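Asks: sequence and predicted structure below; questions after.
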Amino acid sequence: MPQKQTGNAAIDVDADGFMTNLSQWTRDIAAALAKEEGIAELTAVHWKVLEYMQKEFKENGAVPTVRKINKSGLISTKELYEIFPGGPAKKAARIAGLAKPVGCV
Amino acid sequence: MEDKIKKVSIIISKGTLDGVYAGLLMANGARMEGIEANLFFAFFGLDAIIKKRMGKIKVATVGNPGMHMASLLGVLPGMSAMATSMMLKTMGKLDIPPVPEFIEMAADAGCKLYACKVSVDMFKLKKEDFCPQVDSIITVGDFYEKAAGGHIIFT
């Protein structure tokens, strides 16, 4: 399994750079991944979304879609695209240490 | 490897469920990849952005080999409504929203929505007939300007 040096830790990632072992995830790793995704700093709103996505993944076994995140009332679709520019579903999932989302929505 | 796609301009010219969803999925999908997206609604595609019609888009059950059903059966009253309802239920399970919600989602994701002027004039429509997510009514020349430098997809 490809390993990657992120910050001070080595994490297991797949070919697309998504973490394959959620137990290796830490907030520091998230911050480092965020910088790679072009997000200089993770704010409270970012963390809210990341934590929600991790919770959903643990409960349902799947990364939530943009529609689901919007419907949770946590954040509007517009704001989601603002804080994760260039593709919130994929970027947020990667930063949260989750697998690449498989849906088309 | 070719350069990543940076912009797509998608034309929706059909007023059927499959026609409209094809375009919306492509546009929303583009935004999810950080690709700039324009949607251009023309002819019967306008139904997807007309306030009174956007919640009533149906799937064709007559002359539609894709239905895997004889047209003689598809002609019966209620068949189209039933096929549409079944399809919407299946799509709902995949978290694909109904058309009005999908239009809102695409617009919130940064997709631009335009109505084709020729079609608007043909059907004698006005800006007020359209949902608020529509940016403007434009000509084909305007469309080509907006699509410049990107890919054009006709659905």
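Replies: Received, thanks. Numbers count the residues shown, from 1 in each chain, chains lettered A, B, ... in the order given.

Asks: what sits closest to the most centrally placed residue in chain B if chain neighbours are left out?
Replies: Nearest residue to the geometric centre of chain B (CA atoms, centre = their mean): B:Val20, 3.2 Å. Once flanking residues are discounted, B:Val20 sits nearest to B:Ala48: 4.5 Å by CB to CB, 6 or more residues apart in numbering or on different chains. Yep, even glycine has a C-beta here, placed from its N, CA and C like the rest.

Asks: residues contacting that neighbour?
Replies: B:Ala48 is in contact with B:Ile12, B:Gly15, B:Val20, B:Gly23, B:Leu24, B:Phe41, B:Met54, B:Ile57, B:Val99, B:Ile103, counting by CB atoms under 8 Å, 6 or more residues apart in numbering or on different chains.

Asks: nearest spatial neighbour of whatever residue of chain B ends up closest to chain A, skipping sequence neighbours?
Replies: The minimum distance from chain B to chain A, using CB to the nearest CB, falls at B:Gly34 (3.1 Å). Closest residue to B:Gly34 apart from its sequence neighbours, by CB to CB, 6+ apart: A:Gly86 at 3.1 Å.

Asks: can you tell me the SS state at the one you found?
Replies: coil (DSSP: H, G, I helix; E, B strand; the rest coil).

Asks: quick check: phi and psi at B:Ile12.
Replies: phi -110, psi 110 (degrees, to the nearest 10).

Asks: next, count neighbours for it.
Replies: Applying other CB atoms under 10 Å in any protein chain shown, we find 29 residues neighbouring B:Ile12.

Asks: so it sits against B:Ala42, correct?
Replies: Yes - with contact defined as CB atoms under 8 Å, B:Ile12 reaches B:Ala42; the gap is 7.2 Å.

Asks: what is B:Ile10 paired to in the beta sheet?
Replies: B:Leu39, B:Ile153 (DSSP bridges).

Asks: that one reaches B:Gly23, doesn't it?
Replies: Yes - using CB under 8 Å, B:Ile10 is in contact with B:Gly23, at 5.0 Å.

Asks: burial count for the residue of chain B closest to chain A?
Replies: Neighbours of B:Gly34 (other CB under 10 Å): 19.

Asks: so who does it touch?
Replies: A:Pro85, A:Gly86, A:Gly87.

Asks: about what we covered before: shared neighbours, B:Ile10 and B:Gly23?
Replies: In contact with both B:Ile10 and B:Gly23: B:Leu39, B:Ile153, B:Thr155, using CB under 8 Å, 6+ apart.
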